[in-house]
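Novice: missing the sequence, but the structure's below:
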C-alpha cells in the first residue's frame, strides 16, 4: 500500500510538472525553478493524503464526495500559491484551472486503475 | 499432498487430522476449508430458530444495529453483531464489502462499476449488493487464497 501511495504521489507530481510546463510555455517562460519541483511534490503529497482520508468515509452521494475532493484540492493549491508566492507569475483563476486539469487527469488514471482492479477480480471469480 | 481416508465405526462424528511438517499456505487452506464445512449461524425467522450453514449464506447485512442473514431467497435475523460474524465466518470465505455488509465470495458472480462511481457485486441468485472501493483489495485477496 505504501508503494502504491508513493507511486501515486510521484505520478501526480509528474502530471503537475507537465501541466505547469505547458502553462509556463504559454507565458513564454523558458525554465522552471528547482524549488517549484519540490513544492509541487509536497503539495501533491498533502492532496493525496487528504483524498485518502476522504476515501475512508462512505458517502451516500457520489457528487458530494467528488465535490469535497475537488474543493479540498483546489483550496490547498490556492493556499500553497499564497505561501510559495506563485501569484507573482500566475493569477488565481489560472492556478485553479491548472489544478482542475491535473485533478481530471489524475481522476482518469484512477478510473483506469479501478477498471483493472475490477477486471482482475472478475477474472479470479471466473477461475473459481 | 496425500489424502488418506479411513472408515472407523467407533467414531460418532467424522474427524479430520491434518499432519504437516511446515504450516504452508496449502495446509492453511485445507484447515480453513475443514473449519468452514461445519460452520453454521443460529438465526431466527418467524419466532423460530434455525441453524444456517455458512455455505448457504449469501451475505449478511447490518441495518439499525441488527444483522440480517441472507440465503438464496430467505432472510433471517441473528443476535450476533456484524463484526462478530465477520470474524467467525472469515474462514468460510466471507469478506467485508462495505461498512454494513459481509459477503460469501463463493456466491459472487461478478463485480461491476456503476455510472455514479459506485461498485456493485452481482451474486449467483442475481441479487445485487453495494461494494465499497476500499474493500476491493480484501475481496481480491480472499479470491486469490481460494483459488490457490
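Specialist: That came through, no problem. Source: prediction; values computed, not measured. Residues are numbered from 1 along each chain as shown, chains lettered A, B, ... in the order given.
Novice: Was I right to think residue B:31 contacts residue B:19?
Specialist: No: in this structure residue B:31 lies outside contact range of residue B:19 using CB atoms under 8 Å: 11.5 Å. Bear in mind the C-beta positions are built from the backbone N, C-alpha and C, glycine included.
Novice: Between those two, which has more neighbouring residues?
Specialist: With neighbours defined as other CB atoms under 10 Å in any protein chain shown, residue B:31 and residue B:19 compare such that residue B:31 has more, 15 against 7.
Novice: Would you mind giving me the confidence score for the nearest residue to the more buried one once chain neighbours are set aside?
Specialist: Setting aside the residues directly before and after it, residue B:31 is nearest to residue B:18 in space (CB to CB, 6 or more residues apart in numbering or on different chains), at 5.8 Å. Reported pLDDT at residue B:18 in the predicted model: 88.
Novice: would you say residue B:18 is within a helix?
Specialist: No: the assignment for residue B:18, made by DSSP: H, G, I helix; E, B strand; the rest coil, is coil rather than a helix.
Novice: Confidence-wise, which helix or strand of chain B is lowest on average?
Specialist: Of all helical and strand segments in chain B, the minimum by mean pLDDT, DSSP states H and E falls on helix B:25-37, at a mean of 78.
Novice: so what does that helix touch, helix or strand wise?
Specialist: helix B:136-147 (3 or more CB pairs under 8 Å, 6 or more residues apart in numbering or on different chains; DSSP states H and E).
Novice: Return the distance of the helix it packs on from the chain's centre.
Specialist: 12 Å (CA atoms, centre = their mean, to the nearest Å).
Novice: Phi and psi next, for the residue nearest the centre of chain B.
Specialist: Compute the mean C-alpha point of chain B, and by CA atoms, centre = their mean the closest residue is residue B:94, 3.2 Å away. With angles defined as degrees, to the nearest 10, residue B:94 sits at phi -90, psi 140.
Novice: Do me a favour and average the pLDDT over the longest helix seen in chain A.
Specialist: Criterion DSSP state H: the longest helix present in chain A is helix A:92-127. Helix A:92-127 shows a mean pLDDT of 88.
Novice: which helices and strands does that helix pack with?
Specialist: When contacts are defined as 3+ CB pairs under 8 Å, 6+ apart, helix A:92-127 sits against helix A:2-26, helix A:62-84, strand B:108-113, helix B:136-147.
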